[in-house]
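Enquirer: just coords:
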């Protein structure tokens, strides 16, 4: 599960546009579906909080890149 989560993180970190971001969100959804039996509500929430920070950074890169252009 950790290896899969690391892959999801790397995909978000490599996003360069909103289309890639949408693909990464789909991958995240698949990750949670694949590992749903391994999560309780607390661990799922902690994982969501962690990935939310990565997603926020990703969106901030898009905004900052748009302002540079």
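Expert: Sure thing, it's come through. Everything quoted here is computed from the prediction, not taken from an experiment.
Enquirer: For this structure, give the helix that spans the most residues.
Expert: helix 41-68 (DSSP state H).
Enquirer: taking the mean pLDDT, what do you get for that one?
Expert: Across helix 41-68, pLDDT averages out at 85.
Enquirer: Use 50 as the first number for this chain going forward.
Expert: OK, 50 is where the count begins now, so the last one is helix 90-117.
Enquirer: Tell me which other helices or strands that helix touches.
Expert: Judged by 3 or more Cβ pairs under 8 Å, 6 or more residues apart in numbering; DSSP states H and E, the packing partners of helix 90-117 are helix 51-63, helix 67-83. For every residue, glycine as well, the C-beta is placed using N, CA and C.
Enquirer: Which one, of these, ends up nearest to residue 106?
Expert: Nearest to residue 106, of all those, is helix 51-63, at 7.8 Å by Cβ to Cβ.
Enquirer: list the helices and strands the closest one packs on?
Expert: Counting by 3+ Cβ pairs under 8 Å, 6+ apart, the packing neighbours recorded for helix 51-63 are helix 67-83, helix 90-117.
Enquirer: can you redo those helices as CSV with mean neighbour count and distance to residue 56?
Expert: Formatted as CSV, the helices and strands packed on helix 51-63 follow (neighbours: other Cβ atoms under 10 Å; distance: least, Cβ to Cβ, whole Å):
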stretch, mean neighbour count, distance to residue 56
helix 67-83, 14, 8
helix 90-117, 12, 12
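Enquirer: quick one on the thing from earlier: starting at the chain centroid, how far to the longest helix of the chain?
Expert: Counting by Cα atoms, centre = their mean, to the nearest Å, helix 90-117 is centred 7 Å from the centre of its parent chain.
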